[in-house]
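Q: Could you look at this predicted model? Sequence included:
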Amino acid sequence: KGDVNKEDLLFKIGEMLGISKPQRGSDNDLRKETGPPIGETLPTAKAGGISSVLIIEDNPDNLATIKAVLQNRFRILEAKDGEEGLRMASETRPDLILLDMAMPKMDGFTAIRHLKDHIHLKKIPVIAMTARAMKGDREKILEAGCDDYIAKPIDPEGFLKKIGEWVKG
Ligand code: MN
C-alpha cells in the first residue's frame, strides 16, 4: 500500500492494455466510487452503483494484472490468502469473488468449502483462477463448489467477458 512503484506498474499495465484510463494515486478501495471512465459506455452498467469484486490472490504480479483489468469498472477488494479472503468476504459481502486456487495458509479448495458452507456467503458467485491447465482440473474445481473457472495467465478480454457473465460492471 502506498508503494509508488506499484502504482506506476498498474498505470503502465492499464495503458498497455488500452482498456482503461487508470488514475495515479487511486487505491481502488471501498471508500472510493470509481465509476466507468467518462465517455465509455458499458453494456452492463448497473443503475445502483458499481459492483464489488474481491480478489483472493497471493501472487503480486497476477494481482496487479487483474487489478489493471478491473479498475474503473468495479470496486476492488483484495486479499492475499484464503484466511484473509474469508474474513474480507464475510465483512464486505462482495458481488463476486475471484479465487486463486494455489495459495499459502489456506488454499482455494479449502476457502471455497468455507464460502459455500456459509449461509450468508454461499450465494456470492466464485470464479476460480488457476495456472494449471491439466485435463480434469476444471471439473475438480467446479466439483469443489466454484461457480466458474478462469485459466491463468489472464487474457484481459476473455477475463472481462467471463466476469460480465456473473456480475454487472
Ligand atoms: Mn497462487
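A: Received it, and whenever you're ready, just let me know what you need.
Q: so where's this structure shaky on pLDDT?
A: Within the chain, the stretches with pLDDT under 70 are 1-48, 132-135.
Q: Quick check: residues of it near the ion?
A: 58-59, 100, 102-103 (Cβ under 5 Å from the ion). C-beta coordinates here come from the backbone N, C-alpha and C atoms, glycine included.
Q: Out of those residues, who's the most crowded?
A: In terms of neighbours by other Cβ atoms under 10 Å, the residues of the chain next to the ion top out with residue 100 at 26 neighbours.
Q: For it, list each beta-bridge partner.
A: residue 129 (DSSP bridges).
Q: Show the contacting residues for residue 129.
A: Residue 129 makes contact with 57, 62, 98-101, 149-152, 154 under the criterion Cβ atoms under 8 Å, 6 or more residues apart in numbering.
Q: So which of the residues you listed belong to helices?
A: Members of the contacts of residue 129 lying in helices (criterion: DSSP state H): residue 62.
Q: Test my guess that residue 147 contacts residue 126.
A: Yes. Residue 147 lies in contact with residue 126 (Cβ atoms under 8 Å); the separation is 5.4 Å.
Q: which of the two has more neighbours?
A: Neighbours were counted for residue 147 and for residue 126 using other Cβ under 10 Å; residue 126 has more, 26 against 18.
Q: what's near enough to touch the nearest residue to the more buried one once chain neighbours are set aside?
A: Closest residue to residue 126 apart from its sequence neighbours, by Cβ to Cβ, 6 or more residues apart in numbering: residue 97 at 4.6 Å. Contact partners of residue 97, counting by Cβ under 8 Å, 6+ apart, are 53-54, 56, 85, 89, 115, 124-127.
Q: what's the closest of those to residue 66?
A: Taking Cβ to Cβ as the measure, residue 66 lies nearest residue 53 of these, at 8.9 Å.
Q: before we move on, back to that, rebuild the contacts of residue 97 as a markdown table, extending it with secondary structure.
A: Formatted as a markdown table, the contacts of residue 97 follow (DSSP: H, G, I helix; E, B strand; the rest coil):
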| residue | secondary structure |
| --- | --- |
| 53 | strand |
| 54 | strand |
| 56 | strand |
| 85 | helix |
| 89 | helix |
| 115 | helix |
| 124 | coil |
| 125 | coil |
| 126 | strand |
| 127 | strand |
